[in-house]
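> Next one to model:
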Amino acid sequence: MMNRRAFVRAGVLGTGLSLAGYLRHTHAEPKPAKATSAVFVFLAGGPSHLDTFDLKPDAPAEYRGEFKPIDTAAPGVRICEHLPNLAKLADTYAVVRGVSHTLAGHELGTEYLNTGSRPVPSIVYPGYGAVVSKEVAGDRELPHFVAVPTTPQKAGYLGVRYAPLQTNAVPQPGVAFSVRGVSLGDGMTVAEFEKRQKLLEDLDTTFQGAAAESKLIDGLDRFAQQAYDLIRSPKAREAFDVSREKAEVAAAFGTHRFGMSCLLASRLVAAGVRFVTVTFPGWDTHGNNFKALKDNLLPQLDQGLAALLAHLRERGLLDSTVVYVTGEFGRTPKVNDRAGRDHWPRAMTALLAGGGVRGGRVHGASDEKGMGPAGDGFTPDDVASSFYHALGIDHRKEYHTATGRPVKIVRDGTVLTDLFEG
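Just a heads-up that it's a prediction; the model follows:
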C-alpha cells in the first residue's frame, strides 16, 4: 500500500507523474544488489542457442537439429540432453532467451557482449571487468580483474590502470599454477626482488616530474605496484595455486582446460578477487556442429560450469557472486549443408546466476523456429544493465573520456527487474 509520504512524492515533486504512473514506477524499481564479485564466462565463437538452452523440438527437422530437450530441477525449464549436470542445477540460474542484436561479425559481436554497449568507431568502451574494478572496492593484496587465460575485454577510455591481469595459461591438474607477476621465477627470492624494487623506486623519484600528469604512466605505475604487492602476498599466491584444492573438490571440475579455468575462478572469488573472466573458445561451429557439441564442447561446459555453480553455492558464495554466461551471438536456426550452423545475432541466449538472480526460471522467448525474439525480446544492453545491477552498479552512471566527453556505463539498456528476487 502507498503511504502518505509516497503519495505526496508522486503528486507534488514536479514530475507530472500520475498515480498509475507512480505505481508502475515503484513496481519497476530494481531491488538492492547482493553481489560483490562476478564471474563472466565467455563462449567465444557463438554457441548455438537451439542446441543448448533454447531447443525447438516441434520445429521442422532442418531447424530443430539432432538433440532432444530434457527436464531439469526447475519445473518447466528444459535444456539440451547433453547438459545433465546443469539440468540438476537449473534452480541456481536463470535462462534469458530472445536476446537479439544485428552484429554478425565476431569482432563487433564480441565487443558488444563484453561491454554491454553497441560498438561505435569513436570510442572504446570499457569491458565489464574494468568497470567493476573501478566501482567495487577490493583487497590490495589481490588483483581486482583476472582473465583466465585471456579476455577480449579492454579498459577502454578508463585507462590502463583498469586493465585485466591475464594468466595467459590454464592450470594443470595437481600442479602449482604460476602466473607471471605472482610467482617468482629463476630462483629469485622475495628479498632480492625487494632490492630491485627499491632501485626502481629511486629511479622513478628522479624522473617523476616529467610524467606527473600522464594517465598512461599512472596506469603503469598502478600495474607495477600491483605486481609488487602480489609477489609479496602469500594470499595471492595461494589463491592462484589450484594444487591446494581438495582432491574431491577439484575432481568435480574435470581435467580439461575449461574445467580447470572454472576451478581457478572459484578459488579467486573465494579469496576476494572481484571480477574473473573465463574464456572458452571453439563455438564457431559452421561445420559438424552436432559432433563438436556432443563430443567436446557441451560435456566440458556441463561439467565445468555446473561445478563452478555448485562450488560457489556450497561455500555460501553464490549470493554474493553473480555469474554471467554468454557468447557473441547465436547460430542459424536452419542447419547448413555441412551439418553446421552459421552466425545468427537475431536470437541468442544467456545465463545469469547468483547475486540475487532468481534461479529456476526462463525469461523471454524466441519464436517457434528460434529465428528471433517472440515479442520485443531483449538487447545485450538490457542483460548488461541487469548484470551491473546485481553488483550494485548503476548502468546509467556517467564517466568521462580523456577529452571530457560524458559517457554512460551502458549507453542503452533497461534492468530486467523480473530476473531478481522480490
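
> What ranges does the stretch 301-422 of the chain have for its strands?
For the stretch 301-422 of the chain, the strands defined by DSSP state E, counting those that start in this stretch cover 321-326, 330-331, 343-344, 348-353, 361-363, 398-400, 406-408.

> Format the ones you listed as CSV; extra columns: mean neighbour count, distance to Ala384 and mean pLDDT.
From N, CA and C alone the C-beta is placed, and that goes for glycine too. Conversion of those to CSV gives the following (neighbours: other C-beta atoms under 10 Å; distance: least, C-beta to C-beta, whole Å; pLDDT from 0 to 100):
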stretch, mean neighbour count, distance to Ala384, mean pLDDT
strand 321-326, 27, 9, 98
strand 330-331, 30, 17, 98
strand 343-344, 20, 20, 98
strand 348-353, 26, 10, 98
strand 361-363, 19, 15, 97
strand 398-400, 12, 15, 96
strand 406-408, 13, 11, 97
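
> what's the closest of those to Asp58?
Minimum separation from Asp58 across the strands of the stretch 301-422 of the chain (C-beta to C-beta) falls at strand 361-363, 16.4 Å.

> any idea how far His400 is from Gly287?
46 Å (C-beta to C-beta, to the nearest Å).

> Serialize the strands of the stretch 301-422 of the chain to CSV and add fields for distance to Asp302.
Converted to CSV, these look like this (distance: least, C-beta to C-beta, whole Å):
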stretch, distance to Asp302
strand 321-326, 12
strand 330-331, 18
strand 343-344, 23
strand 348-353, 12
strand 361-363, 18
strand 398-400, 38
strand 406-408, 36
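
> Ok, which of these comes nearest Leu86?
Nearest of the strands of the stretch 301-422 of the chain to Leu86, taken as C-beta to C-beta: strand 348-353 at 8.7 Å.

> contacting residues around the closest one?
46, 49, 52-54, 92-97, 99-100, 309, 318, 322-327, 329-330, 359, 383, 386-387, 390, 419 (C-beta atoms under 8 Å, 6 or more residues apart in numbering).

> in its sheet, what does it sit against?
Within its sheet, and counting by DSSP bridges, strand 348-353 is paired with strand 93-99 (antiparallel), strand 321-326 (antiparallel).

> Name the residues that touch the last one?
The contact list for strand 321-326, computed with C-beta under 8 Å, 6+ apart, reads 35-43, 93, 99, 113, 128, 269, 305, 308-309, 312, 348, 350-357, 383, 387, 390-391.

> chain center to it, what's the gap?
Averaging C-alpha positions (C-alpha atoms, centre = their mean, to the nearest Å) puts strand 321-326 5 Å from its chain's average.

> how about that strand as CSV, C-alpha atoms only?
Output of strand 321-326 as CSV, limited to C-alpha atoms (Å, rounded to 0.1, in the frame of the first residue of the first chain):
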residue,chain,number,x,y,z
THR,A,321,28.8,-13.7,-6.7
VAL,A,322,26.9,-13.1,-10.0
VAL,A,323,27.7,-15.4,-12.9
TYR,A,324,27.1,-14.3,-16.5
VAL,A,325,27.4,-16.8,-19.4
THR,A,326,27.2,-15.7,-23.0
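
> that older thread, can you redo the strands paired with strand 348-353 as CSV with distance to Arg405?
Output for these, formatted as CSV (distance: least, C-beta to C-beta, whole Å):
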stretch, distance to Arg405
strand 93-99, 28
strand 321-326, 27
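
> closest one to Ser133 among those?
Among the strands paired with strand 348-353, strand 321-326 comes nearest to Ser133, with 15.2 Å by C-beta to C-beta.

> Break down the stretch 1-150 of the chain into its strands, ranges please.
Taking DSSP E, counting those that start in this stretch, the strands of the stretch 1-150 of the chain run over residues 37-43, 69-71, 78-80, 93-99, 145-148.
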